[in-house]
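K.L.:
Mind folding the following:
(2 chains)
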Protein chains: 2
Amino acid sequence: MLKDVPSLELLLKTLQQIPYLASKNLYRVGSYFLTLDEQKIEQLCAVILQAKQRVIPCPICCNWQEIDRECTICSSPKRDQTIVCVVESWQDLLAIDKTGGYQGLFHVLGGVISPLEGVGPEELSIELLVKRLQAGAVKEVILALNQTPEGEATSAYVGKKVRERGVQVTCLARGIPVGSHLESMDRLTVFKALSERRPF
Amino acid sequence: MLKDVPSLELLLKTLQQIPYLASKNLYRVGSYFLTLDEQKIEQLCAVILQAKQRVIPCPICCNWQEIDRECTICSSPKRDQTIVCVVESWQDLLAIDKTGGYQGLFHVLGGVISPLEGVGPEELSIELLVKRLQAGAVKEVILALNQTPEGEATSAYVGKKVRERGVQVTCLARGIPVGSHLESMDRLTVFKALSERRPF
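P.N.:
Prediction:
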């Protein structure tokens, strides 16, 4: 059926390259574009291009910044310059920043080490992090990578590099999420919560 | 944080207008665009615009068709011209077509009647369907709208209109999905499966 509408087929194939568009939503998004005015589509394209041209990674922490402004996190005098929280992505940075409970600096790795996907340590901003530590201002590095196999391996790798520079390394607490019931948690989480228990 | 990167904020706000981009994926998709080459973005935009210009609704059934080709469903000599299956959207048409078990025609309504969202019968292609029936070739109309309150109301409205033209109206069977367990089904579905049981 789709083969008889090649322009639509090409649109769907192109949209498919955008990650995180589940295959079901793909058809919906494709259909949505066809119902838009041409003008709206041109606007959308202009906005994407402008963002691409004006938003760049911060040369210090790799967070996104506007091309003609400073990174608001690195340049903030209110933030604690002695702590750096290492995250995989900008989205994870936002998640931590939204809590309002962290006032240190960040470092966005840009992914995790994943030999299967051809991502080695040199593809990430690990060297940049190590260079940041050479100035001597940073006293603690918090590893806030996700608990996937790749995330854990990357944490181990980064942790080793940071420790070699004589800087303290910590990681996020693992345990029962707030509001969850013990009986509904997986075994490993309960085990971690138990073995990493803390004074009350 | 986002306010300090206005181009990125604008990008996210624009992407937010695309339906079915869950708010979590929104950030990921936004980030993805920033990592693309400018050339790739221009290609994507060209593909969307081309689809918009070259893909139009079929004047008979409202399915998408290439501008310089016939609708392959309406023009197919192999299809049974006496049955029309009414669906909400092109995606639903694909879902039915993929089964391979239906060889009749289709009619895409383009949504459902929803007073709350300002969609009345005249916004949908109901009149077009009624006109199709006037030729007299169609003997049966299958209502395949979703079982939402709006879908049910639209089915009732369309069903009445079709019946007035002396054409038989049927709807999809309701019951236990293949592979599901009775105990995990909701009460209403089990009730429907029971009250609409059929000879074995």
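K.L.:
And the contacts of stretch A:40-52?
P.N.:
A:33, B:7-8, B:10-11, B:14, B:30, B:33-34, B:36, B:38, B:41-42, B:44-45, B:48-49, B:52 (CB atoms under 8 Å, 6 or more residues apart in numbering or on different chains). (Glycine included, C-beta is placed from N, CA and C.)
K.L.:
Got a quick ChimeraX command for the buried subset of the residues you listed?
P.N.:
Selection of the buried residues among the contacts of stretch A:40-52 in ChimeraX, burial being defined by 16 or more other CB atoms under 10 Å in any protein chain shown:
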select /A:33 /B:7,8,10,11,14,30,33,34,36,41,44,45,48,49,52
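K.L.:
Sort out for me which of the contacts of stretch A:40-52 are in helices.
P.N.:
A:33, B:7-8, B:10-11, B:14, B:30, B:33-34, B:38, B:41-42, B:44-45, B:48-49, B:52 (DSSP state H).
K.L.:
Quick one: mean pLDDT for the longest strand seen in chain A?
P.N.:
Across chain A, the longest stretch assigned as strand under DSSP state E is strand A:80-87. Averaging pLDDT along strand A:80-87 gives 95.
K.L.:
buried sites along stretch A:184-198?
P.N.:
A:185, A:189, A:192-193.
K.L.:
Quick check, central residue of chain A?
P.N.:
residue A:89 (1.3 Å; CA atoms, centre = their mean).
K.L.:
Could you tell me which residues make contact with it?
P.N.:
A:108-111, B:31.
K.L.:
Okay, and residue A:141 sits in which element?
P.N.:
Element membership for residue A:141 (DSSP states H and E) is strand A:140-143.
K.L.:
sorry, back to before: how about the buried residues of stretch A:184-198, which pair is most distant?
P.N.:
Using CB to CB, the pair of the buried residues of stretch A:184-198 lying farthest apart is A:185 and A:192, separated by 9.8 Å.
K.L.:
count of residues packed around residue A:82?
P.N.:
When neighbours are counted by other CB atoms under 10 Å in any protein chain shown, residue A:82 registers 13.
K.L.:
hang on, it packs against residue A:133?
P.N.:
No: if you go by CB atoms under 8 Å, residue A:82 and residue A:133 don't touch, sitting 11.1 Å apart.
K.L.:
Once you drop chain neighbours, what's closest to residue A:25?
P.N.:
Spatial nearest neighbour of residue A:25, excluding adjacent residues (CB to CB, 6 or more residues apart in numbering or on different chains): residue B:20 at 4.3 Å.
K.L.:
Pretty sure the one you found sits in a helix.
P.N.:
No: using DSSP: H, G, I helix; E, B strand; the rest coil, the secondary structure at residue B:20 is coil, not a helix.
K.L.:
domains for chain A, by residue range?
P.N.:
A:2-56, A:64-171 (automatic domain parsing).
K.L.:
can I assume residue A:200 sits in a strand?
P.N.:
No: using three-state DSSP, the assignment for residue A:200 is coil, not a strand.
K.L.:
Next one: it from residue A:152, what distance?
P.N.:
28 Å (CB to CB, to the nearest Å).
K.L.:
Between those two, tell me which one has more neighbours.
P.N.:
residue A:152 (15 against 3).
K.L.:
give me phi/psi at that one?
P.N.:
phi -60, psi -40 (degrees, to the nearest 10).
K.L.:
Next, count neighbours for the closest residue in space to it that isn't next to it in sequence.
P.N.:
Excluding its sequence neighbours, the residue lying closest to residue A:152 (CB to CB, 6+ apart) is residue A:145, at 7.6 Å. Neighbour count of residue A:145, defined by other CB under 10 Å: 25.
K.L.:
I'd say residue A:145 and residue A:87 touch.
P.N.:
Yes: assessed by CB under 8 Å, residue A:145 is found in contact with residue A:87 at 7.1 Å.
K.L.:
For stretch A:12-27, give me every contacting residue.
P.N.:
By CB under 8 Å, 6+ apart, stretch A:12-27 touches A:2, A:29-30, B:20-21, B:25, B:28-29, B:32, B:43-44, B:47-48, B:90-91, B:94.
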